[in-house]
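task: produce atomic coordinates for the following.
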Amino acid sequence: MNLILDEYSLVAIYSAMSIYTLAFVMFSIDLAKRSARIPAAVEKASDRRPANTQGVIATLQKTEPEPPTPIYKFERIAFSLVVLGWVMHAAGVVLRGLAQGFVPWANMFEFSLISSALIVGVFIVIQRWQNLKFLGVYISGFTLITLGVGTVNFYVPVKPLPPVLDSYWLVIHVFVASLATALFAIGAGLAMVQLMQARREAGKKSLALLKMLPDVVKLENLTYLTTVIGFVFWTFTLVAGSIWAERSWGRYWGWDTKEVWTFIIWIIYAGYIHARATRGWRGTRSAWLAIIGFAAVIYNYVVVNVFIPGLHSYSGL
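The predicted model follows:
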């Protein structure tokens, strides 16, 4: 029965990957169409501008109303596909958990499932407050890579839970770490767009579609907000990991490679928050810090877990 549930889980994950692929294509088409639409829109706007050669007459001239905000059907289709893909994705995570008999984040394969599911889930939920659909290509692409690497390189069949992981701290510690990772991923995506937007606003060659995205200040504020929330969860991850280490190994801190890199990531993001709040690090420098922090998260997830032996080596099994 467990093997059957595991097979159903894989079917759901592969289905989600197929849907995410379609969403990636649709988001890409949407961005391409926006880029092609902008020059024509700018030209029409200049044609409608009244000539100021008649003084008061030009001032009193009735101007045409602004065109309605265009409806981006490819973006709507892409986002609907992302929601559908996430439903299949979540179903795959639940089925894997039922097959295992405990929460499905005890190894690298399962962590790739839950972390990518939370990235997409946070991306969907955040649309209720802020339209970040312009990150759709980044989110769907990153999720596809994460699931692809997880299923091809890290897949392991269901097996009994190692004794060291048989703790309710597994539920708390890993889930909160995954949630923090999701927020850091979105923050890094916003920071990358911020860098491109800063280049455009500086008068350098850039993508035309950037004219339709939020300005640098708003992008920086969004990056800061998501990163600060992620930092709170990462702080709890560090504290929860220390408590769990004391329960399992009799000490709160042991300089294990995983512990050290978790702390390094905390230092990077703490430095980002402190520098931006008190040292006036705004603009490209703060954006690069957010990106470097997420790069450290990926390094901790892949390189440290897989290639560096330590007390957390079981997470690579």
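
going forward, measure contacts and count neighbours with C-alpha atoms only.
OK.

quick one: low-confidence ranges for the stretch 51-200 of the chain?
Applying pLDDT under 70 to the stretch 51-200 of the chain flags the ranges 51-71.

quick one: the helices in it?
56-60, 73-100, 108-126, 136-153, 168-201 (DSSP state H, counting those that start in this stretch).

just put the ones you listed in a markdown table and tack on mean neighbour count.
A markdown table is the format used below for the helices of the stretch 51-200 of the chain (neighbours: other C-alpha atoms under 10 Å):
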| stretch | mean neighbour count |
| --- | --- |
| helix 56-60 | 11 |
| helix 73-100 | 21 |
| helix 108-126 | 21 |
| helix 136-153 | 19 |
| helix 168-201 | 22 |
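
with distance to residue 271 added, can I get these in a markdown table?
Shown next, in a markdown table, are the helices of the stretch 51-200 of the chain (distance: least, C-alpha to C-alpha, whole Å):
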| stretch | distance to residue 271 |
| --- | --- |
| helix 56-60 | 53 |
| helix 73-100 | 33 |
| helix 108-126 | 24 |
| helix 136-153 | 25 |
| helix 168-201 | 15 |
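
looking at those helices, which is nearest to residue 11?
helix 73-100 (7.6 Å; C-alpha to C-alpha).

for that closest one, name the packing helices and strands.
Here helix 73-100 touches helix 2-48, helix 108-126, helix 136-153, going by 3 or more C-alpha pairs under 8 Å, 6 or more residues apart in numbering; DSSP states H and E.

could you redo the last one with a cut-off of 7 Å?
Contact analysis of helix 73-100 by 3 or more C-alpha pairs under 7 Å, 6 or more residues apart in numbering; DSSP states H and E lists helix 2-48, helix 108-126 as its packing neighbours.

most packed of those helices?
Ranked by mean neighbour count, these are led by helix 108-126 with a mean of 21 (mean count of other C-alpha atoms under 10 Å).

tell me the angle of that one relative to helix 136-153?
160 degrees (axes from the mean of the first three to the mean of the last three C-alpha atoms, to 10 degrees).

which other helices and strands contact helix 108-126?
Counting by 3+ C-alpha pairs under 7 Å, 6+ apart, helix 108-126 packs on helix 73-100, helix 136-153, helix 168-201.

tabulate those (a markdown table), appending distance to residue 108.
Formatted as a markdown table, the helices and strands packed on helix 108-126 follow (distance: least, C-alpha to C-alpha, whole Å):
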| stretch | distance to residue 108 |
| --- | --- |
| helix 73-100 | 13 |
| helix 136-153 | 7 |
| helix 168-201 | 11 |
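
nearest to residue 119, of those helices?
Nearest of those (C-alpha to C-alpha): helix 168-201, 4.2 Å.

return the list of helices and strands in contact with the closest one.
helix 108-126, helix 216-249, helix 284-299.

let's see 10 Å
For helix 168-201, the contact count by 3 or more C-alpha pairs under 10 Å, 6 or more residues apart in numbering; DSSP states H and E identifies helix 108-126, helix 136-153, helix 216-249, helix 284-299 as packing neighbours.
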